[in-house]
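# return a 3D structure for these sequence lines:
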Amino acid sequence: MRDLRDEYIGRVVRGKSFADVGGLWGAVNEKVSVAHAYGASALAMIDITPLGQELWHLFESRRQALQLPAVWCISDDVLRLAETASCPQFDVVHCSGLLYHMPDPLRFLQALRKMTREFLVLTSVVTAPCVRNEHGELRLPAAAALFIPALRSQERAILHAYWSRFVGDGALGVTREVTTWRPDDYAPWWWLPTVEALQAMCRAVGFAQQEGGYFWNNNAYVQLLSVQTEVWGDRESGG
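Numbering: from 1, shown residues only. A predicted model of the protein is given here:
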């Protein structure tokens, strides 16, 4: 089955340094091996999981089984790492499945921008502007992003019925209740942006979309983004 993430990585990574941000989840969803297959010159994995925990051991076992070269393993919170004087930079960065877990998605995108020299392959779950089922209809402007903690009971019921078809009870905050929302907790789903809102957030922090596409029953959207140097407002106004 075609994976747009792999396709985009393959287009831009040959001869370049590559980092996979948050790729330890599930141990087999990493894109380091994909970047290596397409000719990346150097590989890194960045994940908040503390070194020594099982996911790092599983990743190392996978690296050896796939006969990958050495991978620079960085255990850190990307938000903190990006604010250090020694923040590492890579020609190509991949990040999938994290943005909607971030209480402050713009700060997260800024962190990725600081790490990215040339290209970012970014994937996030998204919401359609209209979700309709037996619990009712939820409509929102194309430019909106749903803030999950603010959902009212009917809105939550509509989203619960929709998303449970795809994730069961795996969407904390959507298909499973969160009793206390804390801004330092990255486990819940905090946001469900429309594609338009997601694209605008990326432009606002200094990325330009080269290509993009839906997958996973149109519930996720992946972008191939390049680093831009001009200011979005100047570009939009023609100034």
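# now the nearest residue to Leu68 once chain neighbours are set aside: which helix or strand?
Nearest residue to Leu68, sequence neighbours excluded (Cβ to Cβ, 6 or more residues apart in numbering): His36, at 5.4 Å. Bear in mind the C-beta positions are built from the backbone N, C-alpha and C, glycine included. Applying DSSP states H and E as the criterion places His36 in helix 32-37.
# can you show me the CA trace of that helix as PDB?
In PDB, the C-alpha atoms belonging to helix 32-37 read as follows (Å, rounded to 0.1, in the frame of the first residue of the first chain):
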ATOM      1  CA  VAL A  32      14.900   6.000   9.900                       C
ATOM      2  CA  SER A  33      15.000   2.700   7.900                       C
ATOM      3  CA  VAL A  34      13.100   4.400   5.000                       C
ATOM      4  CA  ALA A  35      15.500   7.300   4.900                       C
ATOM      5  CA  HIS A  36      18.400   4.900   4.900                       C
ATOM      6  CA  ALA A  37      16.900   3.000   2.000                       C
END
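# please shift the residue numbers so they start at 731 in all later answers.
I'll keep to 731 as the first residue from here, and by that count the last item is helix 762-767.
# tell me the mean pLDDT over that helix?
On average, the pLDDT along helix 762-767 is 97.
# helices or strands up against that helix?
If you count contacts as 3 or more Cβ pairs under 8 Å, 6 or more residues apart in numbering; DSSP states H and E, helix 762-767 packs onto helix 734-742, strand 747-751, strand 772-777, helix 784-795.
# let's see it at 6 Å
The contact analysis (3 or more Cβ pairs under 6 Å, 6 or more residues apart in numbering; DSSP states H and E) places helix 762-767 against helix 734-742.
# buried stuff in the top helix by length along the chain?
Selection of the longest helix in the chain by residue count, based on DSSP state H, yields helix 883-897. Neighbour-count burial for helix 883-897, with 16 or more other Cβ atoms under 10 Å as criterion, is recorded at 885-890, 892-893.
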